[in-house]
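> Quick one, fold the following:
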Amino acid sequence: MATHTPKKILIVEDEADIAQLVKLYLEKDGFRTTVATTGAEGLKQIKSDRPDMVILDLMLPEMDGLEICKKIRTTPDTALLPVLMLTAKAEESDTIIGLELGADDYVTKPFSPKVLVTRVKALFRRLERTEDPKQTSYAYGSLRVDLSRHEALLDGKEVSLTAKEFGLLEQLLHHPGRVLTRDVLLNTVWGYDYYGTTRTVDVHIRRLKLKIPLLDEAIISVKSLGYKLSDHIPVK
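Below is the predicted model:
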C-alpha cells in the first residue's frame, strides 16, 4: 500500500517567533517544514531542496519578498511553485504588487496560525484541481476548449487557431490566475530547443486576443514578466 508523502513547506521569515509559530502549527497538521531567515537563504533552499509551497514574508533583510517572488516566477524550474505571502496591513499596495507578480494568496499580520493553516490547505486544494493532468477540456465564459479534438469554440462557433496559439491558450486555461512568464511559455509551448526571442510570445498573445475577443481583457499582461488569465471572467 502506497504511503502519502506529506507536503513540504518552506517558511521564509526573519522574525524567529513568527517562523516557529507557523512551523509548529503546520507540523501539527502533518506538513513538513523548513525555515529560512533571509531571502538569499530562501532562494538557495528552493533550488537545493524543492518545497511544495513557500510561505514568504514581504519584509525581509537584504532582499524583500517581492524580489524573491519575482525570481521564483522568472525561473522556469520554479515558475509554478505555490507562494503564500505574509504582509502587514500597512503594506496594502505592496500586497497588490505581490499578487500581480504571481503570489497565489496572502495572509495579513497579525494572523491566527489556524487561519494560516486553513489557507495553506485551501491553496493546495485549489492548485490540485487546476493541475489535473487528465483534464481534456476547459470552459471559460462562452469559450469551450477540447484538447482531444484540438478544438476551440466561442459561442458555439469554432475558432481557427494555429498550433502555438492553441498551446498558449491551453497553458493559460490550465493555470488560471497564475503568472506564466514568457520563458516558461516558450519552454512549454515552443519547446526547450527554441532559440527565438520572448517577443514571439507577445505576438501570439495579440493574435489570440484578436481571434477570441473574450480574452482581450481576460489575459492580463504582467509588466516585465509575462501573462496570466484572470480568475474573474469578463462580462460582455
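> Could you list the low-confidence segments of the chain?
Judged by pLDDT under 70, the chain has its weakly predicted residues at 1-4, 89-92, 94-95, 129-134, 192-197, 234-236.
> Helices along that one, start to end?
Using DSSP state H, the helices found in the chain span residues 16-28, 39-48, 65-74, 92-101, 113-130, 163-174, 182-185, 199-211, 215-218.
> what is the orientation angle of the first one with helix 113-130?
So that's helix 16-28. Orientation note: helix 16-28 sits at an angle of 60 degrees relative to helix 113-130 (axes from the mean of the first three to the mean of the last three Cα atoms, to 10 degrees).
> Report all helices and strands that helix 16-28 contacts.
Packed against helix 16-28 by the contact rule (3 or more Cβ pairs under 8 Å, 6 or more residues apart in numbering; DSSP states H and E) you find strand 8-12, strand 32-36, helix 113-130. All C-beta atoms are positioned from the backbone trio N, CA, C, and that covers glycine.
> what packs against the second one?
Contact partners of strand 32-36 among helices and strands, from 3+ Cβ pairs under 8 Å, 6+ apart: strand 8-12, helix 16-28, helix 39-48.
> From the structure, what's the count of residues near Ser93?
The criterion is other Cβ atoms under 10 Å. On that basis, Ser93 has 8 neighbouring residues.
> Then the one 5 residues further on?
Using other Cβ under 10 Å, the number of residues around Gly98 comes to 23.
> Ok, Arg144 next?
Using other Cβ under 10 Å, the number of residues around Arg144 comes to 16.
> which residues touch it?
Arg144 is in contact with Ser137, Tyr138, Ala152, Leu153, Leu154, counting by Cβ atoms under 8 Å, 6 or more residues apart in numbering.
> What's opposite it in the beta bridge?
As for beta bridges, Arg144 partners with Ala139, Leu153 under DSSP bridges.
> Could you measure from Arg125 over to Asp104?
Here the criterion is Cβ to Cβ, to the nearest Å. By it, Arg125 lies 12 Å from Asp104.
> Have a look at the two and say which one is more surrounded.
When Arg125 is set against Asp104 and neighbours are counted by other Cβ under 10 Å, the residue ahead is Asp104, at 21 against 9.
> Just give the closest residue to the residue nearest the centre of the chain, not the sequence neighbours.
Against the mean C-alpha coordinate of the chain, by Cα atoms, centre = their mean, the closest residue is Arg178 at 3.7 Å. Using Cβ to Cβ, 6 or more residues apart in numbering and skipping the chain neighbours, the partner closest in space to Arg178 is Lys228 (5.8 Å).
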